[in-house]
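Peer 1: whatever this is, show me its structure:
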Amino acid sequence: MVRYAHFQLMAAVEAGIATVAVAPVVLGVRGLPHAEGDDWVLLLYLVGMSAFFGLMAGMTGMRWLGGEKGSYDSAVPVADPKTVLPTRRQSLRRSFDAGFVVMSGLPCLFTGLLWSSWGILFACVFFAPERVGKGVSVLLWERRHGLLLWWGRLDEQPLEKWRSLYSSPRAPVPG
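Peer 2: Below is the predicted model of the structure:
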(Lines give C-alpha, C1' and ligand atoms only; values in the text may rest on other atoms or scores of the structure.)
Protein backbone atom coordinates (compact mmCIF):
# COMPACT_ATOMS: atom_id res chain seq x y z
CA MET A 1 0.00 0.00 0.00
CA VAL A 2 1.31 3.45 -0.88
CA ARG A 3 0.19 7.01 -0.31
CA TYR A 4 -1.78 8.05 -3.37
CA ALA A 5 0.04 11.38 -3.59
CA HIS A 6 3.43 9.64 -3.50
CA PHE A 7 2.22 7.28 -6.24
CA GLN A 8 1.33 10.24 -8.51
CA LEU A 9 4.27 12.53 -7.67
CA MET A 10 6.87 9.79 -8.13
CA ALA A 11 6.11 9.98 -11.88
CA ALA A 12 8.26 13.12 -12.12
CA VAL A 13 11.23 11.14 -10.82
CA GLU A 14 10.45 8.23 -13.12
CA ALA A 15 10.17 10.53 -16.16
CA GLY A 16 13.49 12.12 -15.26
CA ILE A 17 15.14 8.70 -15.02
CA ALA A 18 13.66 7.71 -18.39
CA THR A 19 15.02 10.92 -19.94
CA VAL A 20 18.48 10.42 -18.46
CA ALA A 21 18.50 6.78 -19.58
CA VAL A 22 17.76 7.49 -23.25
CA ALA A 23 19.67 10.79 -23.54
CA PRO A 24 23.11 9.27 -24.26
CA VAL A 25 21.73 7.13 -27.10
CA VAL A 26 19.70 9.90 -28.72
CA LEU A 27 22.29 12.61 -28.25
CA GLY A 28 25.00 10.26 -29.53
CA VAL A 29 23.04 9.58 -32.72
CA ARG A 30 21.32 12.95 -33.36
CA GLY A 31 23.59 15.39 -31.54
CA LEU A 32 22.58 18.21 -29.21
CA PRO A 33 19.18 19.82 -29.81
CA HIS A 34 19.12 23.27 -31.37
CA ALA A 35 16.62 25.82 -30.11
CA GLU A 36 14.90 27.65 -32.91
CA GLY A 37 12.80 30.72 -32.18
CA ASP A 38 9.56 29.53 -30.62
CA ASP A 39 10.67 26.04 -29.50
CA TRP A 40 10.74 27.13 -25.85
CA VAL A 41 7.29 28.68 -26.08
CA LEU A 42 5.87 25.47 -27.54
CA LEU A 43 7.64 23.38 -24.89
CA LEU A 44 6.30 25.53 -22.04
CA TYR A 45 2.84 25.48 -23.61
CA LEU A 46 2.85 21.66 -23.76
CA VAL A 47 4.06 21.35 -20.15
CA GLY A 48 1.40 23.80 -18.99
CA MET A 49 -1.39 22.06 -20.87
CA SER A 50 -0.30 18.65 -19.59
CA ALA A 51 -0.26 19.91 -16.00
CA PHE A 52 -3.64 21.61 -16.46
CA PHE A 53 -5.27 18.45 -17.81
CA GLY A 54 -3.70 16.38 -15.04
CA LEU A 55 -5.08 18.75 -12.42
CA MET A 56 -8.49 18.77 -14.07
CA ALA A 57 -8.48 14.97 -14.36
CA GLY A 58 -7.71 14.70 -10.67
CA MET A 59 -10.40 17.18 -9.65
CA THR A 60 -13.26 15.93 -11.82
CA GLY A 61 -15.15 12.68 -11.88
CA MET A 62 -15.49 12.61 -15.67
CA ARG A 63 -14.09 9.26 -16.78
CA TRP A 64 -13.66 10.36 -20.40
CA LEU A 65 -11.26 13.05 -19.18
CA GLY A 66 -9.36 10.53 -17.07
CA GLY A 67 -11.09 11.77 -13.95
CA GLU A 68 -10.03 10.13 -10.72
CA LYS A 69 -12.06 12.13 -8.23
CA GLY A 70 -14.67 9.39 -8.17
CA SER A 71 -12.11 6.93 -6.85
CA TYR A 72 -11.13 9.37 -4.07
CA ASP A 73 -14.75 9.93 -3.08
CA SER A 74 -15.49 6.20 -3.11
CA ALA A 75 -12.46 5.39 -0.96
CA VAL A 76 -13.17 3.01 1.89
CA PRO A 77 -11.70 3.31 5.37
CA VAL A 78 -8.90 1.03 6.41
CA ALA A 79 -10.85 -1.73 8.18
CA ASP A 80 -8.62 -2.19 11.21
CA PRO A 81 -7.43 1.06 12.78
CA LYS A 82 -4.44 -0.84 14.17
CA THR A 83 -3.26 -1.68 10.66
CA VAL A 84 0.35 -0.64 10.37
CA LEU A 85 0.54 1.67 7.40
CA PRO A 86 3.89 2.14 5.67
CA THR A 87 6.15 4.97 6.71
CA ARG A 88 6.65 7.89 4.34
CA ARG A 89 9.99 6.47 3.22
CA GLN A 90 8.47 3.01 2.60
CA SER A 91 5.55 4.60 0.74
CA LEU A 92 7.90 6.54 -1.54
CA ARG A 93 10.01 3.43 -2.18
CA ARG A 94 6.93 1.36 -3.02
CA SER A 95 5.64 4.11 -5.31
CA PHE A 96 8.58 3.76 -7.70
CA ASP A 97 7.55 1.80 -10.78
CA ALA A 98 10.33 0.51 -13.05
CA GLY A 99 7.69 -0.47 -15.62
CA PHE A 100 6.64 3.17 -15.94
CA VAL A 101 10.28 4.15 -16.51
CA VAL A 102 10.54 1.67 -19.37
CA MET A 103 7.13 2.54 -20.85
CA SER A 104 7.86 6.28 -20.72
CA GLY A 105 11.45 5.82 -21.90
CA LEU A 106 10.46 4.05 -25.12
CA PRO A 107 8.50 7.04 -26.53
CA CYS A 108 11.45 9.26 -25.55
CA LEU A 109 13.82 7.01 -27.44
CA PHE A 110 11.67 6.67 -30.57
CA THR A 111 10.68 10.34 -30.67
CA GLY A 112 14.28 11.39 -30.12
CA LEU A 113 15.66 9.11 -32.84
CA LEU A 114 12.91 9.55 -35.44
CA TRP A 115 11.94 13.20 -35.02
CA SER A 116 14.37 15.40 -33.13
CA SER A 117 16.75 15.18 -30.22
CA TRP A 118 14.20 17.28 -28.31
CA GLY A 119 12.20 14.04 -28.18
CA ILE A 120 14.17 12.91 -25.14
CA LEU A 121 12.00 15.30 -23.14
CA PHE A 122 8.81 13.49 -24.18
CA ALA A 123 8.23 11.92 -20.74
CA CYS A 124 9.07 15.12 -18.90
CA VAL A 125 6.70 17.14 -21.08
CA PHE A 126 3.72 14.79 -21.37
CA PHE A 127 3.75 12.30 -18.47
CA ALA A 128 5.32 14.08 -15.51
CA PRO A 129 3.26 17.32 -15.44
CA GLU A 130 0.01 15.36 -15.83
CA ARG A 131 0.85 13.02 -12.95
CA VAL A 132 2.10 15.91 -10.78
CA GLY A 133 -1.22 17.67 -11.45
CA LYS A 134 -3.08 14.58 -10.26
CA GLY A 135 -0.81 14.40 -7.21
CA VAL A 136 -1.61 18.01 -6.33
CA SER A 137 -5.34 17.27 -6.65
CA VAL A 138 -4.91 14.33 -4.25
CA LEU A 139 -3.13 16.57 -1.74
CA LEU A 140 -5.93 19.14 -2.04
CA TRP A 141 -8.55 16.39 -1.51
CA GLU A 142 -6.68 15.16 1.58
CA ARG A 143 -6.48 18.66 3.02
CA ARG A 144 -10.16 19.38 2.33
CA HIS A 145 -11.37 16.10 3.89
CA GLY A 146 -8.79 15.81 6.69
CA LEU A 147 -7.87 12.25 5.63
CA LEU A 148 -4.88 10.48 4.15
CA LEU A 149 -5.57 8.71 0.85
CA TRP A 150 -3.84 5.40 0.13
CA TRP A 151 -3.66 3.17 -2.94
CA GLY A 152 -3.41 -0.55 -2.40
CA ARG A 153 -5.06 -3.56 -0.88
CA LEU A 154 -5.13 -4.95 2.60
CA ASP A 155 -5.16 -8.54 3.79
CA GLU A 156 -8.07 -7.64 6.06
CA GLN A 157 -10.13 -6.74 2.96
CA PRO A 158 -9.48 -9.70 0.61
CA LEU A 159 -12.41 -8.94 -1.69
CA GLU A 160 -10.99 -5.55 -2.62
CA LYS A 161 -8.24 -5.48 -5.19
CA TRP A 162 -6.36 -2.25 -5.85
CA ARG A 163 -8.44 0.70 -4.77
CA SER A 164 -8.42 3.93 -2.83
CA LEU A 165 -8.41 3.63 0.95
CA TYR A 166 -8.28 6.32 3.56
CA SER A 167 -7.07 6.68 7.09
CA SER A 168 -7.19 9.44 9.63
CA PRO A 169 -4.06 11.59 9.77
CA ARG A 170 -4.52 11.64 13.54
CA ALA A 171 -4.01 7.90 13.72
CA PRO A 172 -0.44 6.96 14.56
CA VAL A 173 1.14 6.73 11.11
CA PRO A 174 4.87 5.98 11.47
CA GLY A 175 6.89 8.64 9.75
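Peer 1: C-alpha only now, for contacts and for neighbours.
Peer 2: OK.
Peer 1: residues contacting the strand or helix carrying residue 144, please?
Peer 2: Using DSSP states H and E, residue 144 falls within helix 128-145. Residues from elsewhere that reach helix 128-145, judged by C-alpha atoms under 8 Å, 6 or more residues apart in numbering: 4-9, 11-12, 15, 47-48, 50-59, 72, 148-149.
Peer 1: how about a cut-off of 7 Å?
Peer 2: Helix 128-145 is contacted by residues 5, 8-9, 11-12, 15, 47, 50-55, 57-59, 148-149 when judged by C-alpha atoms under 7 Å, 6 or more residues apart in numbering.
Peer 1: and it, what's buried?
Peer 2: Neighbour-count burial for helix 128-145, with 16 or more other C-alpha atoms under 10 Å as criterion, is recorded at 128-139, 141-142.
Peer 1: tell me the spacing between residue 135 and residue 9.
Peer 2: As judged by C-alpha to C-alpha, to the nearest Å, residue 135 and residue 9 stand 5 Å apart.
Peer 1: try residue 119
Peer 2: 22 Å.
Peer 1: again, but for residue 97
Peer 2: 12 Å.
Peer 1: who's more crowded, the two?
Peer 2: Applying other C-alpha atoms under 10 Å to residue 97 and residue 9 shows that residue 9 carries more neighbours, namely 23 against 13.
Peer 1: model confidence for that one, exactly?
Peer 2: pLDDT for residue 9: 81.
Peer 1: residue 27 now?
Peer 2: 90.
Peer 1: would you mark the buried spots in the lengthiest helix in the chain?
Peer 2: Identified as the longest helix of the chain according to DSSP state H is helix 4-30. By neighbour count with 16+ other C-alpha under 10 Å, helix 4-30 contains the buried residues 4-12, 14-19, 21-23, 25-27, 30.
Peer 1: counting neighbours, what do you get for residue 91?
Peer 2: 20.
Peer 1: and it, what element?
Peer 2: Applying DSSP H and E, one finds residue 91 within helix 88-95.
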